[in-house]
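S.K.: Just to be clear, the model below is a prediction. Sequence and coordinates:
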Amino acid sequence: MHIGRWNHQSTGSHAGSNKSFPPHSPRDGKRFPSHSRYGRAPIRRRGFGSFGETEAEISKFMNKTVVTTEEPVFVPEHTFSNFDISAHLKKNIVTRGYELPTPIQDKAIPHTLLGKDVVGLAETGTGKTAAFLIPLIDKVMKQKGERVLIMAPTRELAVQTERELAGFAKGLGFRGMVAVGGANIGSQISQLKHDPAFVIGTPGRLKDLIERRALDLSGFGTVVLDEADRMLDMGFIDDMRSILGKMRKERHTLFFSATMGKDIQKLIGDFLKQPVIISVKQRDTPASVDQDVIRVPRGKDKFEILVALLKDREFSKVLVFGRTKFGVEKLAKALSRLHIHAESIHGNKTQGARQRALEAFKAGKVSVLVATDVAARGLDIPAVSHVINYDLPSTYEDYIHRIGRTGRASLKGRALTFVQGR
């Protein structure tokens with residue numbers, strides 16, 4: 001179904017639907033209503049601003065007026081069959097349905113196979129995980145005793161990476177394990193006693209295991225910093241430095257990120273040696289995502305607008321982003337009371353509860369997943385029809401990662417951002 005534009009010059013009706021919604025307000029506002037149906041709105045405090053409080057910033061939430069041209073079809077230089085990797089690994093790649101390398105895979109895998117430090121900059125959803133797992137699995141197969149540490153910013157991304165590893169490494173005779181908070185540390189300590197070839201974890205739990213002397217990194221010669229910009233944003237820089245300091249000085253380092261700021265450049269200078277820098281970024285936001293705003297006039301309850309949207313059949317698999325853990329939980333419960341099947345993901349939930357919510361959403365058992373930015377990075381959730389920014393993102397980078405959850409692979413997606421009026 002064609003998705004129409006939310007336009008203040010129209011009647012406010014959504015194309016293809018007989019519902020009506022509030023039209024765009026001509027002015028942007030910085031305030032939230034003091035209350036909403038799902039609970040008190042977050043209080044805005046100095047130093048806790050959001051991206052999207054000026055018209056210039058709001059314009060970045062829309063791509064309707066941008067004239068775009070057809071982008072050329074990417075033709076890889078390599079195929080998986082002609083990479084210098086083991087035949088069994090090639091077979092597993094085919095079994096997993098991989099046909100041709102994506103741009104980041106095409107460019108990064110050959111350098112990684114040569115043992116070079118690599119900085120990979122690519123848009124979200126472009127296959128970065130396989131870009132480092134495939135060559136490193138081959139490395140572990142060919143170099144006896146080689147062990148790999150992979151750091152990720154969130155529990156969900158670490159779990160997802162381990163599942164990808166299990167698929168690519170099936171039948172190859174080695175294992176990986178996940179070390180994340182919110183899960184039983186005793187079980188993780190037990191797994192580490194078997195010296196897994198791959199340890200995949202979040203910086204906080206990895207540091208905890210090191211301090212308990214359950215994880216000795218002196219034998220690890222390879223490290224991957226995945227979604228490094230997010231780990232920096234989350235305040236993991238000291239933990240990252242501490243962990244890397246426990247590894248061999250001569251190490252193979254891979255660094256993957258979607259954005260490149262001054263802080264990231266400094267990390268690259270500190271952590272990597274003469275890296276090959278690969279950038280396949282073409283634009284900040286993917287062309288496959290149709291972006292627009294919903295302006296909420298002052299006095300209107302944006303919760304009611306959200307409910308009306310979610311009851312439209314077009315909104316079949318929706319990821320709703322909120323700003324706080326408390327707000328996300330309240331919103332999910334309020335939607336469920338209205339018979340809109342919703343689950344939540346946020347930092348106050350146990351790892352098991354977060355994983356169950358994510359799996360239910362992936363499987364279509366619930367149609368709405370309400371989340372903090374913990375779900376904005378790296379997660380591969382198939383066929384998300386819409387991303388709704390119920391609360392404004394803190395930064396434009398957070399916005400990019402949020403909307404990257406839809407419009408993945410060959411699918412089209414839509415992103416809508418709520419903007420409060422004065």
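M.R.: Received, thanks. None of these values were measured; they are calculated from a predicted model.
S.K.: ranges for the strands of the stretch 1-150 of the chain?
M.R.: Using DSSP state E, counting those that start in this stretch, the strands of the stretch 1-150 of the chain run over residues 35-36, 39-40, 118-121, 148-151.
S.K.: In the chain, where is pLDDT below threshold?
M.R.: 1-49, 63-74, 123-124, 281-286, 376-378, 409, 422 (pLDDT under 70).
S.K.: Identify the residues contacting the residue lying closest to residue 355 once chain neighbours are set aside.
M.R.: Nearest residue to residue 355, sequence neighbours excluded (C-beta to C-beta, 6 or more residues apart in numbering): residue 159, at 6.5 Å. Where you see a C-beta, it was placed from the backbone N, CA and C, and this is true even at glycine. Going by C-beta atoms under 8 Å, 6 or more residues apart in numbering, residue 159 touches 178, 180, 351, 355.
S.K.: quick one: which of the residues you listed sit in strands?
M.R.: residue 178 (DSSP state E).
S.K.: out of the contacts of residue 159, who's nearest residue 172?
M.R.: Nearest to residue 172, judged by C-beta to C-beta, of those is residue 178 at 18.2 Å.
S.K.: do you know how far the closest residue to that closest one other than its chain neighbours is from residue 240?
M.R.: Distance criterion C-beta to C-beta, 6+ apart; nearest residue to residue 178, sequence neighbours excluded, is residue 162 at 4.8 Å. According to C-beta to C-beta, to the nearest Å, residue 162 stands 20 Å off from residue 240.
S.K.: Break down the stretch 151-300 of the chain into its strands, ranges please.
M.R.: Counting by DSSP E, counting those that start in this stretch, the strands of the stretch 151-300 of the chain are 176-179, 198-201, 222-225, 252-257, 276-279, 289-296.
S.K.: what residues go with each domain of this protein?
M.R.: Annotated domains of the chain cover 35-68+285-420, 80-279 [automatic domain parsing].
S.K.: so residue 294 sits right up against residue 416, yeah?
M.R.: Yes: the criterion here is C-beta atoms under 8 Å, and residue 294 meets it with residue 416 at 5.5 Å.
S.K.: Among those two, which residue is more densely surrounded?
M.R.: residue 416 (25 against 21; other C-beta atoms under 10 Å).
S.K.: and the more buried one, which of the three is it?
M.R.: Secondary structure, DSSP: H, G, I helix; E, B strand; the rest coil: residue 416 is strand.
S.K.: now the one 3 residues further on
M.R.: Judged by three-state DSSP, the three-state class of residue 419 is strand.
S.K.: what number of residues lie near it?
M.R.: 23.
S.K.: ok, now residue 56?
M.R.: Applying other C-beta under 10 Å, I find that residue 56 has 9 neighbouring residues.
S.K.: so can I have JSON lines of the contacts of residue 159 showing neighbour count and distance to residue 226?
M.R.: Below are the contacts of residue 159 laid out as JSON lines (neighbours: other C-beta atoms under 10 Å; distance: C-beta to C-beta, whole Å):
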{"residue": "178", "neighbour count": "25", "distance to residue 226": "13"}
{"residue": "180", "neighbour count": "22", "distance to residue 226": "13"}
{"residue": "351", "neighbour count": "18", "distance to residue 226": "18"}
{"residue": "355", "neighbour count": "18", "distance to residue 226": "18"}
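S.K.: Redo the contacts of residue 159 as JSON lines? Include distance to residue 102.
M.R.: Below are those laid out as JSON lines (distance: C-beta to C-beta, whole Å):
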{"residue": "178", "distance to residue 102": "25"}
{"residue": "180", "distance to residue 102": "27"}
{"residue": "351", "distance to residue 102": "29"}
{"residue": "355", "distance to residue 102": "26"}
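S.K.: and which of the contacts of residue 159 is nearest to residue 125?
M.R.: Of all those, residue 355 has the smallest distance to residue 125: 20.4 Å, by C-beta to C-beta.
S.K.: The closest one reaches residue 156, doesn't it?
M.R.: Yes: counting by C-beta under 8 Å, residue 355 touches residue 156, with 7.3 Å between them.
S.K.: State the distance from residue 346 to residue 148.
M.R.: Residue 346 is 30 Å from residue 148, by C-beta to C-beta.
S.K.: How about residue 215?
M.R.: Counting by C-beta to C-beta, the gap from residue 215 to residue 148 is 13 Å.
S.K.: where do the contact lists of these two overlap?
M.R.: Here residue 215 and residue 148 share the contacting residues residue 199, scored by C-beta under 8 Å, 6+ apart.
S.K.: In CSV, please show the C-alpha coordinates belonging to stretch 361-376.
M.R.: Extracted C-alpha coordinates of stretch 361-376, given in CSV (Å, rounded to 0.1, in the frame of the first residue of the first chain):
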residue,chain,number,x,y,z
PHE,A,361,8.6,-9.6,18.1
LYS,A,362,10.7,-11.3,15.5
ALA,A,363,8.3,-14.3,15.3
GLY,A,364,5.3,-12.0,14.9
LYS,A,365,3.7,-13.0,18.2
VAL,A,366,3.5,-9.3,19.1
SER,A,367,3.1,-6.6,16.6
VAL,A,368,4.7,-3.8,18.6
LEU,A,369,8.1,-3.6,20.4
VAL,A,370,8.6,-0.6,22.6
ALA,A,371,12.3,0.1,23.3
THR,A,372,14.9,2.4,24.5
ASP,A,373,17.9,3.0,22.3
VAL,A,374,19.3,-0.4,23.5
ALA,A,375,17.4,-1.8,20.4
ALA,A,376,18.7,0.8,18.0
